[in-house]
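Novice: for reference, the sequence and a predicted model appear below.
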Amino acid sequence: MPKASNGSLPAMSADWWVRDDLRREDGRLIFAGQDAAALADQYDRPLFVYSGARIRANLDRLRGALAASGCDHRLYYAMKCNRFPPLLRMLAETGAIGIDICSPDELDLAIASGIPAVNISFTGTSVANRDLDRLLAEPDLHINCDSLSQIRRIGERTPGRAIGIRVNPGYGTGYGDNERLSYAGERTSKFGIYREQWAEALALAAAHRLTITTIHFHVGCGYLSQQLDAWGRAVGAAADFLADLPDARTVNIGGGLGLPHKAGDTPLDLDRWAAIIGRHFGGRGLTVAVEPGDYLVKDAGLLLLSVVGVERKRDTLFVAVDGGFNLHPEPAHYGLPCEPVACVVADPDRTAWQPVTLAGNVNEALDLWAEDHPMPPLAEGDRIALINAGGYGSAMSSNHCMRGDFFELLI
Ligand SMILES: Cc1ncc(COP(=O)(O)O)c(C=O)c1O
């Protein structure tokens, strides 16, 4: 890292997350043109703030890459990632993207947000009969089945319907090669139909005259360029299933596209990603569907929290904040880093920074946002931003300890 002439680190040089719409001005964090601390002051409780412009930019970048793959393509936003209604309505208004859903309630919300059923794709797991009855009532909804039982029960209810099948190619990958984020790796997962079940799946579909128009796979979450070779192997193995599907028109490659979470992570190389897609599916008359969640919204969101105490206990300096892991459970569940950033930094050369442990307000030992994380001197009332909080934050939040209160804002 280059040193400034006075020997100290240049101002904010370690802020790997800086970009045009997320940066510091005179030590203050500016997000989507707004002063983060001022926003936090205005609401004075945990606040998720999302940038519509960043979401649209992420969408445009992805569309550009898909166009370069040379394949016909469709996008479905995975609303499990963030279902804040204004955000869904904004995506609907772009007219450029449908919605990927995984439950009947998500179907209702997607339709209420302005997405017609014909632009909605369902891929769910452990689906009950009461779920199927609601989903099948929507004739234009596309359904990908991830179990033999789902195929059979759909066949019994609506023989002759077009369906997709989620396959499990037996290869997966995820952020940092984290096994918990791999949905189709070595460990047997609940997702998708394995090769060993394939003949039975085809027989069940044939018995009920179900036309298999789509093959679907989603093999993990958060993959970056380092994981693209592994992802490509999974794509190749999934593509092999097509040989038995004369009616397949669409290959849905799931979501899982990742973004940097810590210093040293490099953004996903979309050119390489698109080349893998083109190599496997180009020139075959197929439409490639992608259902990203995180890639569109995660880095478009901050969670703003307030410092409620700063206290050394034994060898650790704790900074206590007014929101716990229940508001954004993904880092605790999956071990995904979620970088805390001070909204106002007085000493840009970082001489007074020290490692702190950032603790939430839930009575659970795992309720720590970060450990030994370098932060500037902080005092009660200061504001903290957790970056990359736009995906699987509010959507996964709970009211554990009745600490579930927060605001959401789309700017
Ligand atoms: C079937 C399916 N599609 C898409 C997604 C979206 O994944 P991501 O947000 O990592 O893009 C998920 C997430 O779990 C999923 O299960």
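Specialist: The structure has been received and is ready for your questions.
Novice: could you list which residues are in contact with residue 275?
Specialist: Residue 275 sits next to residue 69 when contact means CB atoms under 8 Å, 6 or more residues apart in numbering. Placement of C-beta: from N, CA and C, glycine included.
Novice: repeat that for residue 182.
Specialist: Contacts of residue 182 by CB under 8 Å, 6+ apart are 172-174, 219-220.
Novice: who in this protein is up against the ligand?
Specialist: Residues of the chain found near the ligand, taking CB under 6 Å from any ligand atom as the criterion, are 78, 80-81, 100, 123, 218, 221, 254-257, 291-295, 391.
Novice: mind listing which of the residues you listed are in strands?
Specialist: Among the residues of the chain next to the ligand, the members found in strands (DSSP state E) are 78, 100, 123.
Novice: what's the first helix or strand after the longest strand seen in the chain?
Specialist: Once the chain is assigned using DSSP E, the strand that runs over the most residues is strand 301-313. Next helix or strand after strand 301-313 toward the C-terminus (DSSP states H and E): strand 316-321.
Novice: each with direction, which strands does that following strand pair with?
Specialist: If you go by DSSP bridges, strand 316-321 pairs up with strand 301-313 (antiparallel), strand 354-359 (parallel).
Novice: what mean pLDDT does the helix or strand hosting residue 205 get?
Specialist: In the assignment (DSSP H and E), residue 205 maps to helix 198-207. Average pLDDT, helix 198-207: 98.
Novice: out of the strands paired with strand 316-321, nearest to residue 396?
Specialist: Nearest to residue 396, of all these, is strand 301-313, at 12.1 Å by CB to CB.
Novice: how close does residue 95 get to residue 63?
Specialist: 12 Å (CB to CB, to the nearest Å).
Novice: again with residue 144
Specialist: Taken as CB to CB, the span from residue 144 to residue 63 is 22 Å.
Novice: the two: who's more crowded?
Specialist: residue 144 (27 against 16; other CB atoms under 10 Å).
Novice: for the more buried one, which non-adjacent residue is closest in space?
Specialist: residue 164 (3.7 Å; CB to CB, 6 or more residues apart in numbering).
Novice: was I right about that neighbour contacting residue 214?
Specialist: Yes: judged on CB atoms under 8 Å, residue 164 makes contact with residue 214 at a distance of 3.0 Å.
Novice: if I look at the two, which residues touch both of them?
Specialist: 142, 144, 250, 252.
Novice: how many residues are close by residue 340?
Specialist: 18.
Novice: quick one: residue 322 and residue 309 touch, right?
Specialist: No: using CB under 8 Å, residue 322 is not in contact with residue 309, being 9.8 Å away.
Novice: the two - which one has more neighbours?
Specialist: residue 322 (19 against 14).
Novice: not counting its neighbours along the chain, what's nearest that one?
Specialist: Per CB to CB, 6+ apart, closest to residue 322 is residue 306, 4.8 Å.
Novice: pLDDT at residue 11, what is it?
Specialist: 43.
Novice: then the one 4 residues further on?
Specialist: Note for residue 15: predicted pLDDT of 91.
Novice: where does it land in three-state SS?
Specialist: Of the three states, residue 15 takes coil under DSSP: H, G, I helix; E, B strand; the rest coil.
Novice: ok, the residue positioned nearest the centre of the chain - contacts?
Specialist: Nearest to the geometric centre of the chain sits residue 294, at 2.4 Å (CA atoms, centre = their mean). With contact taken as CB under 8 Å, 6+ apart, residue 294 is in contact with 81, 221-222, 255-259, 391-392.
Novice: likewise for residue 335?
Specialist: Taking CB under 8 Å, 6+ apart, one finds 178, 180 in contact with residue 335.
Novice: give me the residue from the stretch 301-411 of the chain nearest the ligand.
Specialist: Going by CB to the nearest ligand atom, the ligand is nearest to residue 391 of the stretch 301-411 of the chain, at 5.9 Å.
Novice: thought residue 117 was touching residue 140?
Specialist: Yes: using CB under 8 Å, residue 117 is in contact with residue 140, at 4.2 Å.
Novice: those two - which one has more neighbours?
Specialist: residue 117 (19 against 9).
Novice: work out for me the element residue 374 sits within.
Specialist: strand 368-375.
Novice: for beta bridges, what are the partners of residue 387?
Specialist: Here residue 387, judged by DSSP bridges, has bridge partners residue 302.
Novice: please enumerate the strands of the stretch 1-150 of the chain.
Specialist: 22-25, 28-31, 34-35, 47-50, 72-78, 98-101, 120-123, 142-145 (DSSP state E, counting those that start in this stretch).
Novice: now residue 41: how far from residue 27?
Specialist: From residue 41 across to residue 27, the span is 16 Å (CB to CB).
Novice: the closest residue to residue 411 other than its chain neighbours: what's it in contact with?
Specialist: Using CB to CB, 6+ apart and skipping the chain neighbours, the partner closest in space to residue 411 is residue 32 (5.4 Å). By CB under 8 Å, 6+ apart, the contact set of residue 32 is 21-22, 49, 51-54, 411.
Novice: same question for residue 40.
Specialist: If you count contacts by CB under 8 Å, 6+ apart, then residue 40 has 47, 304-306, 343, 383 around it.
Novice: walk me through the domains of the chain.
Specialist: Following automatic domain parsing, one gets these domains for the chain: 22-51+299-410, 83-292.
Novice: a markdown table for the ones you listed, including distance to residue 68?
Specialist: A markdown table is the format used below for the domains of the chain (distance: least, CB to CB, whole Å):
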| stretch | distance to residue 68 |
| --- | --- |
| domain 22-51+299-410 | 22 |
| domain 83-292 | 5 |
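Novice: count the neighbours of whichever residue of the stretch 51-200 of the chain sits closest to the ligand for me.
Specialist: For the stretch 51-200 of the chain, the residue closest to the ligand is residue 78, as judged by CB to the nearest ligand atom, at 3.5 Å. Residue 78 has 30 neighbouring residues, counting by other CB under 10 Å.
Novice: any idea what it is bridged to?
Specialist: Assessed by DSSP bridges, residue 78 has beta-bridge partners residue 100.
Novice: residue ranges of the helices in the stretch 1-150 of the chain, please?
Specialist: For the stretch 1-150 of the chain, the helices defined by DSSP state H, counting those that start in this stretch occupy 36-43, 52-68, 85-94, 104-112, 129-136, 148-157.
Novice: out of these, which comes closest to residue 339?
Specialist: helix 36-43 (13.6 Å).
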